[in-house]
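# one predicted model, sequence on top.
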Amino acid sequence: MAEYFISTHGARKGLADTALRTADSGYLTRRLVDVSQDVIIREDDCGTGRGLDLPIATKGADGSSVRDSNVENSVYARSLAADAVNEAGEVVAPAGSDVGDVMIDHLIAAGVHEIKVRSVLTCESAVGVCAACYGRSLATGKLVDIGEAVGIIAAQSIGEPGTQLTMRTFHTGGVASADDITQGLPRVQELFEARTPKGASPIAEAAGRITIEDTDRSRKVILTPDNGDEPHIYPVLKRATLLVEDGQHVELGQQLHVGAIDPKEVLRVKGVREVQKHLVGGVQGVYRSQGVPIHDKHIEVIVRQMLRKVTVVEHGDTDLLPGELVDRARYNEVNRATLTEGKKTASARQEVMGITKASLATESWLSAASFQETTRVLTQAAMEGKSDPLMGLKENVIIGKLIPAGTGLAKYRDVTVTATEEAKAERYPNRIFTDESVFNESDLSFVDFDSFSSDDYTPGTYN
């Protein structure tokens with residue numbers, strides 16, 4: 001009997017899914033658009049030397065280089081942040097080179113296995129992102145234009161295949177498995193909302209040795225750090241499948257039992273770069289398992305927005321308050337100004353926020369109020385006497401202004417047309433142009449003055 005119900009699980013799950021999750025996909029898209037709508041390409045280059053180290057190939061058993069299967073969606077259409085160097089230390093491609101199919105093949109042939117590329121995650125633009133960090137537009141294949149609303153493009157690129165994740169469950173057949181519970185769209189939402197997963201696995205808070213204590217009722221994993229600090233005790237469910245053994249040595253951040261990991265723990269233990277990897281890798285894992293290719297840069301745009309806030313720990317000589325949640329750009333600006341004056345700077349702790357919370361915590365109260373919890377947002381903004389910097393798209397639409405994207409950017413508004421030398425030469429064939437040149441008789445040699453009368457009122461003789 002049990003076998004019969006397990007075999008019909010796929011069919012029942014499919015029907016329930018179609019009814020319930022199509023709405024979820026649309027709502028996810030709405031939240032993604034809201035959190036990323038102010039990410040616009042604002043400048044050509046922020047000038048950073050930072051980037052991400054990404055693999056392009058692995059060494060095969062025979063010593064040859066095997067192309068990484070995800071290259072198309074990870075390093076493709078970006079630019080190098082540092083020179084690509086082979087094992088002999090020779091520069092194969094200089095920093096700033098565009099990474100395309102030809103370049104990737106060239107690098108792999110030269111024995112390069114990992115390259116450092118520019119990314120929106122490491123972009124240092126105060127508002128939006130810069131064109132050099134974003135790389136080429138996947139729509140045109142050319143370097144992205146200033147004014148391109150890459151946030152909206154990212155949200156739609158992630159949200160649209162979400163419907164496919166919803167429908168795909170039909171085709172898995174009668175397979176009921178334990179990890180089937182958080183696959184597909186719910187797992188993507190769990191990652192983007194930075195929720196603590198159900199039955200989350202703890203991670204080692206330091207490098208050290210493991211001791212497992214088993215009693216009738218409970219089980220504990222005890223980690224004794226190598227540096228002699230206090231041991232860390234992790235209570236574990238009896239039914240959890242452990243990934244470590246008694247007496248085993250573990251590294252910092254190593255997973256202790258089977259299950260998803262809490263992004264907040266990854267941030268606390270391993271730092272910002274690791275939580276970025278965890279979120280991008282987790283979302284990509286779901287989409288790839290369904291055969292849906294999405295470029296990493298779209299997910300990175302959303303992750304950048306999830307990590308844009310910091311909590312002030314020590315205020316130093318700044319006017320920031322301890323425990324205050326501030327935008328990273330504002331925090332850096334305040335610290336720079338304080339440092340210039342030779343005073344003590346503030347210190348802060350990076351936060352990871354879910355997309356809903358990040359949308360509501362934006363600097364723009366107009367955008368937040370039009371998203372969710374309108375009364376609360378407006379009350380809070382009124383109490384704090386907030387002003388809206390009108391940086392994003394939504395807030396400008398609300399007050400009827402031109403949006404700061406595309407040709408609505410100030411850069412495109414005051415355009416003056418200057419004639420090129422070729423155009424001038426074509427229009428005035430007898431003129432030699434210099435900076436102080438003025439018109440003379442020969443410039444107008446193509447005008448037939450005899451056909452015009454000197455008197456305005458008398459018609460001339462036109463032959």
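Here it is on my side, so go on.
# surely Ile210 is in contact with Lys220?
No - Ile210 is beyond contact range of Lys220, at 10.7 Å (criterion: CB atoms under 8 Å). Any C-beta I mention is one placed from the backbone N, CA and C, and that applies to glycine too.
# and those two? which has more neighbours close in?
Neighbours around Ile210 and Lys220, counted as other CB atoms under 10 Å, are more numerous at Ile210. The numbers are 20 against 13.
# please confirm that that one is located within a helix.
No - looking at Ile210 with DSSP: H, G, I helix; E, B strand; the rest coil, it is strand, so not inside a helix.
# sec struct for Glu190, please.
Assignment for Glu190 (three-state DSSP): helix.
# would you mind measuring from it to Leu279?
Using CB to CB, to the nearest Å, one obtains 11 Å as the distance from Glu190 to Leu279.
# so for these two, which sits in the more crowded spot?
Between Glu190 and Leu279, Leu279 has the larger neighbour count (other CB under 10 Å), namely 23 against 19.
# quick one: the helices in the stretch 351-463 of the chain?
For the stretch 351-463 of the chain, the helices defined by DSSP state H, counting those that start in this stretch occupy 355-360, 365-369, 374-384, 394-398, 410-413, 421-427.
# out of those helices, which one sits most buried?
helix 365-369 (a mean of 23; mean count of other CB atoms under 10 Å).
# and the longest helix seen in the chain, what's its mean pLDDT?
The residue-count maximum for a helix in the chain (DSSP state H) belongs to helix 9-36. Regarding helix 9-36, the rounded mean pLDDT is 82.
# show me what the helix or strand that it is followed by is packed against.
Per DSSP states H and E, helix 9-36 leads on to strand 41-43 as the next helix or strand towards the C-terminus. With contacts defined as 3 or more CB pairs under 8 Å, 6 or more residues apart in numbering; DSSP states H and E, the packing partners of strand 41-43 are strand 129-130, helix 131-134.
# name the helices or strands packed onto the helix or strand just after strand 41-43?
Using DSSP H and E, the helix or strand that follows strand 41-43 towards the C-terminus is strand 52-55. Contacts defined by 3+ CB pairs under 8 Å, 6+ apart place strand 52-55 against strand 114-117.
# other residues contacting the strand it packs on?
51-56, 75, 78-82, 84, 99, 107, 135 (CB atoms under 8 Å, 6 or more residues apart in numbering).
# one more: stretch 244-255?
So stretch 244-255 is contacted by 201, 203-212, 221, 223, 243, 256-257, 261, 266, 269-270, 274 (CB under 8 Å, 6+ apart).
# rerun at 10 Å
For stretch 244-255, the surrounding residues in contact (CB atoms under 10 Å, 6 or more residues apart in numbering) are 201-214, 221-223, 225-226, 242-243, 256-257, 261, 265-266, 269-271, 274, 278.
# okay, buried residues for it please.
The neighbour-count check on stretch 244-255 (16 or more other CB atoms under 10 Å) flags 244, 250, 253-254 as buried.
# next, count neighbours for the closest residue to Arg427 other than its chain neighbours.
Counting by CB to CB, 6 or more residues apart in numbering, Ala419 is the residue found nearest to Arg427 once chain neighbours are left out, at 7.7 Å. Around Ala419 there are 10 other residues, counting by other CB under 10 Å.
# one more: Leu107?
Residues near Leu107, counting by other CB under 10 Å: 24.
# what do you get for Gly228?
Other residues close to Gly228 by other CB under 10 Å number 7.
# now do the end-to-end distance for stretch 29-49.
One end of stretch 29-49 sits 33 Å from the other (CA to CA, to the nearest Å).
# any buried residues in it, and which?
Buried, per 16+ other CB under 10 Å, within stretch 29-49: 29, 31-43, 46, 48.
# again, but for stretch 261-273
261-267, 269-270.
# from memory Leu28 sits against Val188, does it?
Yes - between Leu28 and Val188 there is a contact at 7.1 Å, judged by CB atoms under 10 Å.
# where do the contact lists of the two overlap?
In contact with both Leu28 and Val188: 158-159, 162, 165, using CB under 10 Å, 6+ apart.
# mind putting the residues you listed into CSV with neighbour count, pLDDT and secondary structure?
Formatted as CSV, those follow (neighbours: other CB atoms under 10 Å; pLDDT from 0 to 100; DSSP: H, G, I helix; E, B strand; the rest coil):
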residue, neighbour count, pLDDT, secondary structure
Ile158, 23, 93, helix
Gly159, 19, 90, helix
Gly162, 24, 83, helix
Leu165, 24, 75, helix
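# so where do the helices sit in the stretch 101-250 of the chain?
101-109, 131-134, 150-159, 162-168, 184-192.
# and those helices, which one is worst for confidence?
helix 162-168 (a mean of 69).
# circling back: now do the shared contacts for Glu190 and Leu279.
Joint contacts of Glu190 and Leu279 (CB under 10 Å, 6+ apart) are Pro263.
# so where do the strands sit in the stretch 151-300 of the chain?
208-214, 219-225, 232-236, 249-250 (DSSP state E, counting those that start in this stretch).
# among those strands, which comes closest to Val91?
For the strands of the stretch 151-300 of the chain, proximity to Val91 was assessed by CB to CB; strand 249-250 is nearest, at 38.3 Å.
# that closest one pairs with which strands?
strand 208-214 (antiparallel) (DSSP bridges).
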